[in-house]
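[1] my questions are about this predicted structure, shown below with the sequence.
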Amino acid sequence: MVEGKRREEQWEEVEAPSLPSLKIFEENESIVAIYVQTRHGTTNFGKQKFHEMKGQDGSLFTLPGSFDINVKLKTVEPGTRVRITYLGQEEMKGSNGKTLFTEEGTAKTVKRFRILIPKGVSRREPEETEDSDIPF
């Protein structure tokens, strides 16, 4: 039994890393962070993108994807410093300028963000918009 215990002492348990906290914006709130990467996940709403950021204090956090932020971050290189401001929700308009509605009769909305990067920083070529990025 002593031999078995010594063998057990030679091992240590591997812990799962904790997930970065989820950042939910208030309207007109801004953050400055380093864009780390975009990962894909599945939620109750289906497939979704999550954007991992490193805050000014060094802590990691995740921004849930939305059409606007997904499309804009496609052109930002990982490792780039970004300033992101949540502008609020806006009703979606069709090509005729009229508000789009859901089957339930409520107006479709999209979350709008302003994303700034330092001048002169290189950007990625925008990729084709994926179906999962389109909010309807």
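    Received the coordinates, thanks.
[2] show me how far stretch 50-66 is from its chain's centre.
    Its chain's C-alpha centre and that of stretch 50-66 lie 7 Å apart, by Cα atoms, centre = their mean, to the nearest Å.
[3] and stretch 12-22, by the same measure?
    19 Å.
[4] start and end of that stretch, how far apart?
    30 Å (Cα to Cα, to the nearest Å).
[5] what residues does it touch?
    With Cβ atoms under 8 Å, 6 or more residues apart in numbering as the test, stretch 12-22 has contacts from Glu52, Ser59, Leu60, Phe61, Thr62, Leu63, Pro64. C-beta here means a position set from N, CA and C on the backbone, and glycine is covered the same way.
[6] go again with 10 Å.
    With Cβ atoms under 10 Å, 6 or more residues apart in numbering as the test, stretch 12-22 has contacts from Val36, Phe50, Glu52, Met53, Lys54, Gly55, Ser59, Leu60, Phe61, Thr62, Leu63, Pro64.
[7] will you turn those into TSV that also has secondary structure and distance to Ile24?
    As requested, those are exported to TSV (DSSP: H, G, I helix; E, B strand; the rest coil; distance: Cβ to Cβ, whole Å):
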residue	secondary structure	distance to Ile24
Val36	strand	18
Phe50	strand	13
Glu52	strand	15
Met53	strand	13
Lys54	strand	18
Gly55	strand	14
Ser59	coil	15
Leu60	strand	16
Phe61	strand	10
Thr62	strand	10
Leu63	strand	9
Pro64	strand	8
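[8] can you select the buried ones among these for me in PyMOL?
    Here is the PyMOL selection string for the buried members of the contacts of stretch 12-22, based on 16 or more other Cβ atoms under 10 Å:
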select buried, resi 36+50+52+53+54+60+61+62+63+64
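[9] save the contacts of stretch 12-22 as CSV, and put in distance to Ser95 and pLDDT too.
    Listed next are the contacts of stretch 12-22 as CSV, based on distance: Cβ to Cβ, whole Å; pLDDT from 0 to 100:
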residue, distance to Ser95, pLDDT
Val36, 36, 96
Phe50, 30, 92
Glu52, 35, 94
Met53, 34, 94
Lys54, 39, 95
Gly55, 39, 92
Ser59, 42, 89
Leu60, 40, 91
Phe61, 36, 91
Thr62, 34, 91
Leu63, 29, 90
Pro64, 28, 89
